[in-house]
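Enquirer: generate coordinates for the sequence data below:
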Amino acid sequence: MPKHIEFDTAKPYYKGSVQNLYSVVGDPDSLVSETSLGGSVFDVGTIFEIAGSDTARAGFRQLIYTSLQDPDKWVDMDTYIKQHWGTDYFENWPDMKDMLDSVKLTGLKTHHQGMINREDGELFDDSFPSELSNLTLIKKYTIHKPDPLTFMNAHLYDYEKYYGNDQFVIPLEIIVRFGVTSGSSILRKFNAMGDAGKQAYLAELGLTNDLVPWQTFGIPRTDLTTKYEPEDRAMTKQEALLVSGIGGQKFKEVLTRGILAAFMAHRIFNKMGLNLWDLKWELAKDGQDLVFVDTLDTDSVRATLVSNVEGRNYIVNFNKQAMRDYYIVVHDEWYAAVNKTKKEAAETGEKFTEILKRGQEQGLYPETPVVDPEFMTIQEDKYALIKDFIMDHGSGDGHEQEVADIAKREVEYFLNSKNKELYQKLCAID
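Expert: Reported below is the predicted structural model:
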């Protein structure tokens, strides 16, 4: 008997920049996520919309989370891992092997309960309706936010409330990196450091060589940021353990599960002909269980391919990084204003978006740009291709040429922009 979901759209449980959440009639422990067309970059809020992105992102979320949950999808994962990261991977990292053996029996727990058909509310827990929907049923977890406090000129956050609690979203973003892109936050941070700081940072990441754009790691690495402070703040693993509120063994399990889940995502993108560079997870504590929450879609990762145009190879992003590159290259003055106001906010404690808006009203900073229709069409075609991939059950068959054609169009667009040299610096790899 199909299950049908009713939810109240009149009063959203939460209204965000890229999704809305609604309460479920008769089920206080669940929520309906409605993915929007909106997009956000640089933490400035929704500043563009891409047609088709809402259903493509929800569909990819369904593909990823049902794969994580399904033990059958994990049966041959050790073979895939050895093919890409070495036959001795599990000998070097036995904790990962122990966890994978467990996941082969149970899958990974997530808050994802299925896609809801917009037409009649039918729930598809492990498959897809005939037309992709932007509605997803999820289990609800409590979100606590750390309390801000100030000591002299220091702006601090108190995480005491997390300790001894349960059924809450852990206040961390767990980033798994397979390499370094030109727009990576860890590369920007590394380049701004002195020699001593660089060595300490490499040690924290478990690396020995300097970070350079488009470098792949021998094995995936993790780093962590805050989740509920005004801006994401990078932390050492030691600080993240203390902030998490879950204790050392559970924290270690969070990192292990995050890497395993990243391997699953890597394999799915690989079937599309794309290379996954990094992604981020959020997890909740549910008794003794750790549960993957939030979303994982093409906007929350960096996935790329290489396109050869005019004799040079360029990295093309099939994710939100393409929009970041657009603003950096085509609207560089506005991007500079965003960075300037972020620095000011770090000194004053005020939200940088408020400083930016005030400066725009005073004529000090450029208005938020409108995206060029030609570039927007390229992004819309990417999402249409992703939807075709999803409805082909993630087989990846028959889409290689379409991916290559879209990639070439994007490279040619940037090469005809005012900042061609900047684009080449960001994305050319030879």
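Enquirer: show me the domain layout of the protein.
Expert: As given by automatic domain parsing, the domain ranges for the chain are 14-70+107-328+369-427, 332-361.
Enquirer: closest one to His84 among the ones you listed?
Expert: domain 14-70+107-328+369-427 (7.4 Å; CB to CB). C-beta: built from backbone N, CA, C; applies to glycine.
Enquirer: follow-up on the earlier one: so which of the domains of the chain is the most packed in?
Expert: Mean neighbours per residue, mean count of other CB atoms under 10 Å, is largest over the domains of the chain for domain 14-70+107-328+369-427, with a mean of 18.
Enquirer: max-length helix in the chain?
Expert: Among the segments of the chain that qualify as a helix by DSSP state H, the longest is helix 248-271.
Enquirer: what's the average pLDDT for it?
Expert: Over the span of helix 248-271, the pLDDT mean works out to 96.
Enquirer: do stretch 121-135 as well
Expert: 94.
Enquirer: and it, end to end?
Expert: 9 Å (CA to CA, to the nearest Å).
Enquirer: now that stretch, how far from the centre of its chain.
Expert: Between the centre of stretch 121-135 and the centre of its chain there are 22 Å (CA atoms, centre = their mean, to the nearest Å).
Enquirer: quick one, strands of the stretch 1-150 of the chain?
Expert: Per DSSP state E, counting those that start in this stretch, the stretch 1-150 of the chain carries strands over the ranges 14-15, 19-24, 27-35, 38-40, 46-49, 112-116, 123-124, 135-139, 147-151.
Enquirer: now the residue most central in space within the chain: how far from Met99?
Expert: Nearest to the centroid of the C-alpha atoms of the chain, with distances taken as CA atoms, centre = their mean, sits Ser300, at 2.3 Å. To Met99, Ser300 is 23 Å away according to CB to CB, to the nearest Å.
Enquirer: now swap in Lys271 and tell me
Expert: 23 Å.
Enquirer: can you give me the helices in the chain?
Expert: Using DSSP H, helices in the chain cover 53-69, 77-85, 89-92, 94-106, 185-191, 195-205, 237-244, 248-271, 321-330, 332-348, 352-361, 373-391, 400-415, 420-427.
Enquirer: looking at those, which is closest to Asn165?
Expert: Using CB to CB, those put helix 237-244 closest to Asn165, at 11.3 Å.
Enquirer: list the helices and strands the closest one packs on?
Expert: Identification of packing neighbours for helix 237-244 by 3 or more CB pairs under 8 Å, 6 or more residues apart in numbering; DSSP states H and E yields strand 172-180, strand 215-226, helix 248-271.
Enquirer: Provide the backbone phi and psi angles at the closest residue in space to Val338 that isn't next to it in sequence.
Expert: Among residues not flanking Val338 along the chain, Phe42 sits closest, at 5.2 Å (CB to CB, 6 or more residues apart in numbering). Dihedral pair for Phe42: phi 60, psi 20, per degrees, to the nearest 10.
Enquirer: can you lay out the helices of the chain as TSV showing distance to Pro129?
Expert: Output for these, formatted as TSV (distance: least, CB to CB, whole Å):
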stretch	distance to Pro129
helix 53-69	10
helix 77-85	28
helix 89-92	38
helix 94-106	27
helix 185-191	37
helix 195-205	42
helix 237-244	37
helix 248-271	20
helix 321-330	28
helix 332-348	39
helix 352-361	37
helix 373-391	10
helix 400-415	23
helix 420-427	37
